[in-house]
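Trainee: Sequence and predicted structure, then a few things I'm wondering about:
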Amino acid sequence: MSTPLIQAGLAPHQMLSRLDSFIEKIAAFSGHIKFDFLPYQMDHIALRINDVQLAQSAREAWGEYGQEISAAQINGRPIVVFEFFQPIQTKEWRIECLELPFPAQGKVYPTQDWEHVEFVVPSDAQTAEAYLNDLFKRFPEFAKCWPELEAKSIKTKLSSPKGEGERLANPTVAFKWQGVTIKLHPHPLKRVIESES
């Protein structure tokens, strides 16, 4: 395994040793947005790396833990997805996939570490705005707290990222707070990848 990867604390065994504490931050964060994620699938987890060589080393290292099922070009850089050979158990969730985005040109993240998790909250919405409205209808407490999020220093973002050839719309509602991000989307990542032509 790459020594620079270990020195950066980004080797898989190092990342996995910090997973439970990261998920504890996610659980604390969920209280601020009035969303109970326990009934929902934690679809995948993502890490951030600022250096292309380190990202390539991480790609090779995570190959021992899962099969690479996608390397789609999104926003001009590859986003590699691994399906774990055995889902990773953390707290109440079993995580099936890892998302490894290669660094975007000119963008540097404050820390290289776990960065976000994505939950599947099913919906037929085709756009991020329609998805958000669907969430408002289904979760009144969440709808009530939405206008207050900015005052709590919680950033929100609506997006509809799409890889080349993907046919299935998977709009995203994201929340960022103290370096941790939670994303919601209507379809599992594996299903989106399977929709690629």
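Mentor: Received it, and whenever you're ready, just let me know what you need.
Trainee: for this structure, longest strand please?
Mentor: Looking across the chain with DSSP state E, the single longest strand is strand 77-90.
Trainee: same for that one, what does it pack against?
Mentor: Strand 77-90 is packed against helix 19-32, strand 66-74, strand 93-101, helix 189-194, with contacts defined by 3 or more Cβ pairs under 8 Å, 6 or more residues apart in numbering; DSSP states H and E. Where you see a C-beta, it was placed from the backbone N, CA and C, and this is true even at glycine.
Trainee: Mind checking which residue lies nearest the centre of the chain?
Mentor: residue 117 (3.8 Å; Cα atoms, centre = their mean).
Trainee: Just the residues contacting the host helix or strand of that one, thanks.
Mentor: In this structure, residue 117 sits in strand 114-120 according to DSSP states H and E. With contacts defined as Cβ atoms under 8 Å, 6 or more residues apart in numbering, strand 114-120 is touched by 15, 18-19, 22-23, 26, 37, 40-48, 95, 99, 109, 172, 174, 179-189.
Trainee: Let's see that with 6 Å instead.
Mentor: 22, 26, 37, 40-48, 181, 183-185, 188 (Cβ atoms under 6 Å, 6 or more residues apart in numbering).
Trainee: so what pLDDT did the residue nearest to the centre of the chain get?
Mentor: According to the prediction, residue 117 has pLDDT 95.
Trainee: my read: residue 126 touches residue 169, true?
Mentor: Yes - with contacts counted by Cβ atoms under 6 Å, residue 126 reaches residue 169, the gap being 4.7 Å.
Trainee: between these two, who's got more neighbours?
Mentor: Each of residue 126 and residue 169 has its neighbours counted (other Cβ atoms under 10 Å); residue 169 has more, 19 against 14.
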